[in-house]
Structure formats: structure tokens, C-alpha cells
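Visitor: sequence plus the predicted model coming up.
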Amino acid sequence: MLLIKPYLGCNLRCKYCYEGIYRKKHRPQKEYNLQAIFKRMEGFKNLEMSLHGGEILTLPKKDVEALLAKMHELTGRSSIQTNATLIDDDYIKMFKKYKTSIGISWDGPGELSKYRPGSAKVGSTIERLINKEGLSVSIIIVVSKANAGTNQRLNKLKKYLLELEQMKISGRINPCYGAAGYELNMKKLEKVYLDLADFCLKNNLKWSPFEDIINGLQGKDRVCTFMGCDPFSTQSATVVLGDGSITNCMRTNQKGILLKYPAEYKTRNEILENIPQEYGGCKGCKYWTACHGGCPSGAIDNDWRNRTYVCPLWKALFEFYEKALNHLEVPLAIFSKSKITTESCEDHEDSNHGDLPHGDSHGDHADHTDLEHKNSGHVDAPHGDDHGDSGHGDSHGDSGHGDHTDLEHKDAEHGDAPHGDSHGDSGHGDR
């Protein structure tokens, strides 16, 4: 996925946004060179492309249209990750003209999106895009205390998933992590996701990460979270900045822009596969070939050489779907690898860093390109975002995509920490 990010600023201030860390240190400037961006796009015309942010629709409309037109010229269609708060009649005309797939970062109606201030009307915008305009839409939802902190809120979220199914909309359900005060603690997060996994299975809902975990167990393609990553040369996301320079997935750029290294190395995979689990590695994990240690943006101790600290969550979901697939007598790829043992990944006390401020959330980048959506013509990528976003999706993705903390207070609101937003959504929407 080629994510085009001329501007990393945003009109929202989502509490958990992974790009917020970057914005605190580097004030985004609306200074970009369209011709330099176009030249880069021409050099990557073999890739899926998505306009991303920040919030890409904060740019002048003529520039947004120029970018959509160039994407359409090169690929025959276009894609965008957005928080959808600025979509109006002019943008809808553009989306129709340039065959735009729209990734939207939103966490659900009413109180479910309380960590995304300013997004109250997004629900009606989504309904219009689908029911009246006939456009292709996917969504990145970030699971946090706002929409899953209590059983009541989780039930509202599940009800909304059924409403989206009626509109033929799916996308990504990313865990909020790296956002102390807003994320669920690890035990609660596992419980929520197992509930959602069971709910989606029973209602035949096709959402990531559940579909990706099933694919990983069968050795099929899945989102970058479970494919292994070189944080210095992110193959899942190549990012074009406003000056035409090339960088990595923004989840690896939270403290500062690191230009993309031209070659990809498997160093992280080699480390994780050979380091014992008690030291942050994945050695002996039953699900290694399906997971590869998760996204480095959420690595234990914020060290990319370690596996993700949300390992207990992914392990619980892999076990859930392994049992389901075994019941259906579906062959699993994890048992066909000679290096893989049948010993499950153990939960080590020192590896469950649910309270540490690591990682990302949004799934926000180009994230909505990672699934085959019933009403969408493109395949989902990754971001994420991982809004938090987050590809744009996410990523905005994309964030993709896209998370964490601590004590779960029933519906407590832990301050308005000045974390930015991204889902602008990042990840093909992530963003």
C-alpha cells in the first residue's frame, strides 16, 4: 500500500491517536509540493494507493481533487482514509468521479465515540454515503473504554455492528493500545475480543482482525500485524510525505520521521523466533508462523526486538479460532512447519505489559483495504488507523492501525490527555 500523506495535522483531537505522539514534538505544517508527490506516485503505480493523514480533507479541496485525480489516472480508481467530519457535497462528487473507496475511522454512535470529539454526525454521513450515494465504505473501529468499557457499551457496539452489516459495511476492529487512560486492561481486552469473536462467528460478520487470524492459522495472506515487520523498511506501507520523501508506516515514526531504508531485512523475525518467551521473544510459540510477534509499534518495553505486549490477546484469539477450525476439521498451517512446537505461547508475568504506554492504536492506515468488503472493490491492506489509526487503517488508518493501560474503572473517564488524533483517520482510513 502506498499511503499519500501530504499533511499530518488533523481537525480532531482523538484521545488515543498514535500520531499524537509525533504531533506533540513536531507541529504539522501545511507545506507540500504536489508535483513532487505526483512524481513519487508515478514511481509506485503498481501499488494500491490511499490518501491519508492526519486528516487529508483539511487540505484545500482543489488539492484533494488533484490527488484523487492523479491516483485515478494511475490506477483507475482512488482511495481515502478520513474521519469523515468534513465530507460534504463537493467531496461526494469527487468520490463518484474518481471511483473512490472511503475508509472511515469511527468508534460507533453516541457515547461509543466519546474519545473522538467532534465526530457526532459521522453516523449519518456513513448512512448517506451508502444508502443514498452508493459509494464504497469501510470502517476502522478502535476498541477502548468508550465503546467496550462496560457490558452496556459493548452491547451497543455489537448492535451497531449488526446495523453496519445491513448496509454491507465491514472493516477493522483494532484494540486501543499505547494510550494510557483510554485502553482496556489486558484481561478486559481479552474478554471483550473473545466476546466479539464469538458474536461475529455466530452472525457471520467479516471483520479484521478475526478474518486475519483465521487466515494466519491456515497460512493465507493477512494484515501486516501478523506477517512480520522490519520497522526500518515497512513493506506493508510505503508513505509519501509532503515534500515527496519516502518513509515508513507512521506507527514507526511516532517520535520523528525516519526515511525508509531501501532493503527489507528479517532481523526482527530472526530475533523473535530464537529468543525465549521470558525474554520478550517467541521461541517455542505454537502460533509463530501465524503471528510473527505482532506489530513492533506495540513491542514490550517499546523495543522493536521484542514481541508485542498484546501477545496475550492475540494468543487467546488464535486459540479460539484454532478450536473452531479443528471442530470443522480444517487443516492448519501452524502444524505443518517442522520448526514449530505444539507448546502454546506462555503468558509470562514480565511480558504482559498492559500498563505501559507503548504502541499505537489506530490501525489507521490504509487499514480498510485489508479485507474484501462486500461493497468494496479493493482488498484491505494496513493501517492502520494502525486511526490510531490505524494504514489509513487505517490505516487511517491505521491504523491500522493502531492502545493500553491498566485498571479498568467502570466507565471512568481518565482525563483529557492531549493525545492527537489520527484516524483522520489513518489507514486508509486509520486515518
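Guide: Arrived safely. Numbers count the residues shown, from 1 in each chain.
Visitor: please work out the average pLDDT along stretch 244-255.
Guide: Across stretch 244-255, the average pLDDT comes to 84.
Visitor: for it, the distance to its chain's centre please.
Guide: Averaged C-alpha coordinates place stretch 244-255 at 15 Å from its chain's average position (CA atoms, centre = their mean, to the nearest Å).
Visitor: can you give me the strands in the chain?
Guide: Under the criterion DSSP state E, strands of the chain are mapped to 2-5, 49-51, 78-82, 100-105, 136-143, 171-175, 238-241, 246-247.
Visitor: what strands line up against the fifth one, and which way round?
Guide: When you say that, I think you mean strand 136-143. strand 100-105 (parallel), strand 171-175 (parallel) (DSSP bridges).
Visitor: using CSV, lay out these together with mean neighbour count.
Guide: From N, CA and C alone the C-beta is placed, and that goes for glycine too. Below are these laid out as CSV (neighbours: other CB atoms under 10 Å):
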stretch, mean neighbour count
strand 100-105, 36
strand 171-175, 37
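Visitor: format these as JSON lines; extra columns: mean pLDDT and distance to Gly244.
Guide: Formatted as JSON lines, the strands paired with strand 136-143 follow (pLDDT from 0 to 100; distance: least, CB to CB, whole Å):
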{"stretch": "strand 100-105", "mean pLDDT": "98", "distance to Gly244": "23"}
{"stretch": "strand 171-175", "mean pLDDT": "97", "distance to Gly244": "29"}
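Visitor: specify the beta-bridge partners of Val239.
Guide: Leu3, Thr247.
Visitor: roughly how far does it sit from Gly228?
Guide: 19 Å (CB to CB, to the nearest Å).
Visitor: ditto for Tyr279
Guide: 19 Å.
Visitor: quick one: which of Val239 and Gly228 has more around it?
Guide: The neighbour comparison of Val239 against Gly228 (other CB atoms under 10 Å) goes to Val239, with 25 against 22.
Visitor: test my guess that that one contacts Ile257.
Guide: No. Between Val239 and Ile257 there is no contact under CB atoms under 8 Å: 9.1 Å.
Visitor: shared neighbours, those two?
Guide: Thr247 (CB atoms under 8 Å, 6 or more residues apart in numbering).
Visitor: tell me the domain ranges of the protein?
Guide: Domain assignment of the chain by automatic domain parsing yields the ranges 2-262+355-369, 267-351.
Visitor: mean pLDDT lowest where, among those?
Guide: Among these, domain 267-351 carries the lowest mean pLDDT (a mean of 85).
Visitor: Val142 pairs with what?
Guide: So, taking DSSP bridges as the rule, Val142 has Asn174 as bridge partners.
Visitor: tell me how many other residues surround it.
Guide: If we define neighbours as other CB under 10 Å, then Val142 has 49 of them.
Visitor: and if you look at Ser233?
Guide: If we define neighbours as other CB under 10 Å, then Ser233 has 16 of them.
Visitor: that one and Ala263 touch, don't they?
Guide: Yes. With contact defined as CB under 8 Å, Ser233 counts as touching Ala263 (6.4 Å).
Visitor: spell out the residue ranges of the helices in the stretch 251-400 of the chain.
Guide: Assigned by DSSP state H, counting those that start in this stretch, the stretch 251-400 of the chain shows helices spanning 267-274, 288-291, 311-327.
Visitor: again, but for the stretch 51-200 of the chain
Guide: 61-75, 89-97, 122-127, 145-148, 151-166, 186-203.
Visitor: deepest of those helices, which one?
Guide: Mean neighbours per residue, mean count of other CB atoms under 10 Å, is largest over the helices of the stretch 51-200 of the chain for helix 145-148, with a mean of 27.
Visitor: ok, residues contacting that helix?
Guide: Under CB under 8 Å, 6+ apart, the answer for helix 145-148 is 107-108, 111-115, 141, 153-154, 156-157, 182-184, 188, 192, 408, 411-412, 414.
Visitor: could you dump stretch 209-229 to CSV, C-alpha only?
Guide: Below are the C-alpha coordinates for stretch 209-229, written out as CSV (Å, rounded to 0.1, in the frame of the first residue of the first chain):
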residue,chain,number,x,y,z
PRO,A,209,-8.5,-9.0,13.0
PHE,A,210,-10.8,-12.1,13.2
GLU,A,211,-10.6,-12.9,9.5
ASP,A,212,-6.8,-12.3,9.5
ILE,A,213,-6.3,-14.7,12.5
ILE,A,214,-8.3,-17.4,10.6
ASN,A,215,-6.1,-16.7,7.6
GLY,A,216,-2.9,-16.8,9.6
LEU,A,217,-3.8,-20.2,11.1
GLN,A,218,-4.3,-21.5,7.5
GLY,A,219,-1.2,-20.0,6.1
LYS,A,220,-3.0,-17.4,4.0
ASP,A,221,-2.4,-13.7,3.5
ARG,A,222,-3.4,-11.5,6.3
VAL,A,223,-2.9,-8.0,7.7
CYS,A,224,0.7,-6.8,8.3
THR,A,225,0.2,-7.1,12.1
PHE,A,226,0.6,-10.9,11.8
MET,A,227,3.1,-11.0,8.9
GLY,A,228,6.3,-9.9,10.5
CYS,A,229,7.8,-6.4,10.1
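Visitor: partner residues bridging Lys102?
Guide: I think there's a mix-up here, since residue 102 is Ile and not Lys. Applying DSSP bridges to Ile102, the residues it is bridged with are Ile80, Val137.
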